[in-house]
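Colleague: Sequence plus the predicted model coming up.
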Amino acid sequence: MNAQLSLWVEIPVAILLVLSGLFALIGAIGLVRMKDYFQRMHPPALASTLGAWCVALASIICFSALKSGPVLHAWLIPILLSITVPVTTLLLARAALFRKRMAGDNVPAEVSSRRTESGS
Amino acid sequence: MKRLFPAPWLSLALWLLWLVLNLSISPGNLLLGAALGFCAPLMMRKLRPQRIHIRRPGVILRLILMVGRDVVVSNLAVAWGVLNAGRRQPRSRFIKVPLDLRDAHGLAALSMVCTVVPGTVWSELALDRSILLMHVWDLDDEAQFIQHFKITYERPLMEIFE
């Protein structure tokens, strides 16, 4: 990647990369600073959404300019991330709820009453 | 045909995914992608006992755009909340949302949408699928939030899947 990129490509790419880094950093800070477990589930989502989107967009712009044609396959990364990340997040939330209920912590009780038709 | 390709759209999507990931349409990659598209749905057939009906591609597109916009907005909100947490703790708590959507695939899509947007995490679904427990990062007005959730996400999913 030597001097083939023009300044007008380099500027947006650099801004997007810095933004992505910022969002990942804020997500990490949130993970450290928040007190409650369930609160800590939210900030890391910054890195997997807008953080990843910015990197993908930067990559698309950069390599499309280098090859002077659209190189769009980096967009698959955000799509696949947005399918897979919720699965782990959901599992963590369910496990934490289960454990905190067992421990008798202050979390909401089960939302289903025992005598409902089972449909899951 | 139905037995060989239980999910033709999934097969096609996997095939395209393989080709795009490899950025090549050489015969070898065409064949490997086709093998993936053929085998994966067959292996997953046992996991998807219900037929899936998807309608209204226009609504799907609009939903994707809405989710994209909400992801950006709530990214900024959560980032601001983290940076500002020293002065003002975010009002995080659980809320119960009454659901009208009953289709299993629609609910799966809803859980994905809800969790991928920063600031909301899907936590529990009642056995009869009537109530959803979710954790919200910073909740101001519960009734307004529930209304927004139902109109932006649940209603389009009901149009698509039911």
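Modeller: Received it, and whenever you're ready, just let me know what you need. Numbers count the residues shown, from 1 in each chain, chains lettered A, B, ... in the order given.

Colleague: Kindly report the residues of chain A close to chain B.
Modeller: Among all residues of chain A, those adjacent to chain B (criterion: C-beta under 8 Å from any C-beta of the partner chain) are A:23, A:26-27, A:29-30, A:33-34, A:36, A:38-39, A:41-43, A:45-46, A:49-50, A:73, A:76, A:82-83, A:85-86, A:89-90, A:93-94, A:97, A:107-108, A:110-112, A:116-120. Every C-beta, even on glycine, is put in place using the N, C-alpha and C of the backbone.

Colleague: can you give me the helices in the chain?
Modeller: By default, I'm working from chain A. Under the criterion DSSP state H, helices of chain A are mapped to A:7-33, A:37-40, A:44-46, A:52-66, A:76-102.

Colleague: Let me rephrase: I mean chain B.
Modeller: According to DSSP H, the helices that chain B contains are B:8-22, B:27-44, B:57-83, B:104-116, B:142-149, B:155-161.

Colleague: Just put the ones you listed in a markdown table and tack on distance to A:R101 and mean pLDDT.
Modeller: As requested, the helices of chain B are exported to a markdown table (distance: least, C-beta to C-beta, whole Å; pLDDT from 0 to 100):
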| stretch | distance to A:R101 | mean pLDDT |
| --- | --- | --- |
| helix B:8-22 | 37 | 86 |
| helix B:27-44 | 32 | 87 |
| helix B:57-83 | 26 | 91 |
| helix B:104-116 | 20 | 90 |
| helix B:142-149 | 22 | 91 |
| helix B:155-161 | 29 | 90 |
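
Colleague: so which of those comes closest to A:A14?
Modeller: Shortest distance between A:A14 and these, using C-beta to C-beta, is found for helix B:57-83: 19.7 Å.

Colleague: Please state the offset of the closest one from the chain centre?
Modeller: Centroid separation for helix B:57-83 versus its chain: 13 Å, with C-alpha atoms, centre = their mean, to the nearest Å.

Colleague: tell me which strands and helices that helix is in contact with?
Modeller: Using 3 or more C-beta pairs under 8 Å, 6 or more residues apart in numbering or on different chains; DSSP states H and E, the elements in contact with helix B:57-83 are helix A:7-33, helix A:44-46, helix B:104-116, helix B:155-161.

Colleague: and the residues of chain A next to chain B, which are buried?
Modeller: For the residues of chain A next to chain B, a neighbour count by 16 or more other C-beta atoms under 10 Å in any protein chain shown gives the buried set as A:23, A:26-27, A:29-30, A:34, A:38-39, A:41-43, A:45-46, A:49-50, A:73, A:82, A:85-86, A:89-90, A:93, A:97, A:107-108, A:111-112.
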